[in-house]
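Engineer: fold the stuff below for me.
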Amino acid sequence: MNSTQAHTFSTHLLTWYQTHGRHDLPWQHNPTPYRVWISEIMLQQTQVATVIPYYLRFMQSFPTLKSLSLAKEDDVLSHWSGLGYYARARNIVKTAKIIAEKYRGRFPKTVEEICNLPGIGQSTAGAIFSFSQRKRAVILDGNVKRVLARYFAISQPINQKNTLDEMWLLAEKLTPEKNAHHYNQAIMDLGATVCTRSKPQCSACPFRKNCEALNAGTPTQFPIKSGKKTRPTKHVVLYIIRNMQNEIALIKRPTKGIWGGLWSFPEYWDQESEIRNQYKFQNRVLQPIGQLPQIKHQFTHFTLMITPVLCKPTKKITSNELFWYKLDTRLPGGIAAPVANILKQLNAEAAIP
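Structural biologist: Residues are numbered from 1 along each chain as shown. Now for the predicted structure:
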């Protein structure tokens, strides 16, 4: 690709963006590095429509980098409940403290420094720098990869290193020196709203005449990925323990592993034949009294089948690890979506006279 072709590509994209791009997203107003950073982390593997209400609530509670650096992890995770990929939240807590200590509370001003912070890769660092500084930086998120893979009909799997290296070179050539922040937003918007994964709106695309995948009649065959392994299924039993005071036992999960740092129910993993979460129940301590409908929950690498079992203790349980939660009161921290759904169901049942 020569400079003229690259200029034509960016010009067509920027023209499309002026009319069809997104210009009124919450983080586009007063785009400080802090505000852009939080939005970019939330937007990793999550759609804009889902992120917006979370972002607004987060900014209301943590309006500045300083307020976030002083926050407890449980408070941050409680604002992340239901958003998924909770390592993102734990990393922003780490990053906020690093910036407060190492950079004296000022967000780093180079892509290289930003990229060294927890949970921030090269593309996210470029986006933070570009949008907050309104300067040139190259990005290559999932939307950009999809647009480029289709436009150039890249036949190699995009999850291979040599292909990614090639795509970074393409992205570098295509990103203009002037208005790069608009270009970056434009190509992400195009991928998110027009060049979508399963039903691309090719007739509305500014590149419909030159897109090699469309010209070949196979746009949805791109991007190509190498074969994935079969997603395994795991099984877990969640013990919903209710005491005489009508309180529910919650326990904080380890930092590592699924739902790291969140509050959940004590659990038993069928396939591993062991009790997790550092709390072992002796025989005859719990009496099963019922079961809620099984829940199917998808993770990136496996499917989790959750069996919630209602229990009552046959004798007093004393443990500093347990938090006895009274329904319809403030939670001690963040919870995962399946846990939230179970508590919501318990709340609804409690409200029935």
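
Engineer: where's the closest residue to residue 38 other than its chain neighbours, which helix or strand?
Structural biologist: Excluding the flanking residues, the one nearest residue 38 by CB to CB, 6 or more residues apart in numbering is residue 58, at 6.3 Å. For the C-beta atoms, the positions are set from N, CA and C on the backbone; glycine is no exception. Applying DSSP states H and E as the criterion places residue 58 in helix 48-61.

Engineer: residue 149 too?
Structural biologist: Going by DSSP H and E, residue 149 is part of helix 142-151.

Engineer: following that helix in sequence, what is the next regular element?
Structural biologist: helix 161-174.

Engineer: avg pLDDT for that next one?
Structural biologist: Averaging pLDDT along helix 161-174 yields 96.

Engineer: stretch 259-273 now?
Structural biologist: Stretch 259-273 comes out at a mean pLDDT of 78.

Engineer: so where do the strands sit in this structure?
Structural biologist: Using DSSP state E, the strands of the chain run over 233-241, 247-252, 263-264, 267-269, 274-275, 286-291, 295-298, 303-313, 322-326.

Engineer: just the ones you listed: most buried one?
Structural biologist: Greatest average neighbour count among these goes to strand 263-264 (a mean of 22), per mean count of other CB atoms under 10 Å.

Engineer: give me the helices and strands touching that strand, please.
Structural biologist: Counting contacts by 3 or more CB pairs under 8 Å, 6 or more residues apart in numbering; DSSP states H and E, strand 263-264 is packed against strand 247-252.

Engineer: what angle sits between the strand it packs on and strand 286-291?
Structural biologist: Calculated by axes from the mean of the first three to the mean of the last three CA atoms, to 10 degrees, strand 247-252 forms an angle of 100 degrees with strand 286-291.

Engineer: then strand 247-252 to CSV, C-alphas only?
Structural biologist: Presented in CSV, the C-alpha positions along strand 247-252 are these (Å, rounded to 0.1, in the frame of the first residue of the first chain):
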residue,chain,number,x,y,z
GLU,A,247,-29.4,-13.9,56.4
ILE,A,248,-27.5,-15.4,53.5
ALA,A,249,-23.9,-16.6,53.8
LEU,A,250,-21.5,-14.9,51.3
ILE,A,251,-17.7,-15.5,51.0
LYS,A,252,-15.1,-13.5,49.2
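
Engineer: on that earlier part again, what's the helix holding residue 58 packed up against?
Structural biologist: For helix 48-61, the packing partners by 3+ CB pairs under 8 Å, 6+ apart are helix 33-42, helix 73-80.

Engineer: picking up where we left off before, by how many degrees do the helix holding residue 149 and helix 161-174 diverge?
Structural biologist: Orientation check (the same axes, to 10 degrees): helix 142-151 against helix 161-174 gives 90 degrees.

Engineer: which residues sit against helix 142-151?
Structural biologist: 9, 45, 123, 154, 158, 167, 170-171, 174, 187-188, 190-192, 195, 197, 200, 207, 210-214, 219, 222-224 (CB atoms under 8 Å, 6 or more residues apart in numbering).

Engineer: and residue 347, how far from residue 245?
Structural biologist: Relative to residue 245, residue 347 is positioned 16 Å away (CB to CB, to the nearest Å).

Engineer: so for those two, which sits in the more crowded spot?
Structural biologist: More crowded of residue 347 and residue 245, by other CB atoms under 10 Å: residue 347, with 11 against 7.

Engineer: right, and residue 7 touches residue 175 too?
Structural biologist: No - if you go by CB atoms under 8 Å, residue 7 and residue 175 don't touch, sitting 11.3 Å apart.

Engineer: could you chop the protein up by domain?
Structural biologist: 3-221, 233-351 (automatic domain parsing).

Engineer: lowest average confidence across those, which one?
Structural biologist: Looking at the domains of the chain, the bottom one is domain 233-351 with a mean of 83.

Engineer: how far out from the middle of the chain is that domain?
Structural biologist: How far domain 233-351 lies from its chain's middle: 23 Å, per CA atoms, centre = their mean, to the nearest Å.

Engineer: list the contacts for residue 294?
Structural biologist: Applying CB under 8 Å, 6+ apart, the residues near residue 294 are 305, 306, 307, 308.

Engineer: how near is the closest residue to the third one other than its chain neighbours to residue 332?
Structural biologist: With sequence-adjacent residues excluded and distances taken as CB to CB, 6+ apart, residue 307 is closest to residue 237, at 4.9 Å. With the distance defined as CB to CB, residue 237 ends up 22 Å from residue 332.

Engineer: highest average neighbour count across the domains of the chain?
Structural biologist: Greatest average neighbour count among the domains of the chain goes to domain 3-221 (a mean of 17), per mean count of other CB under 10 Å.
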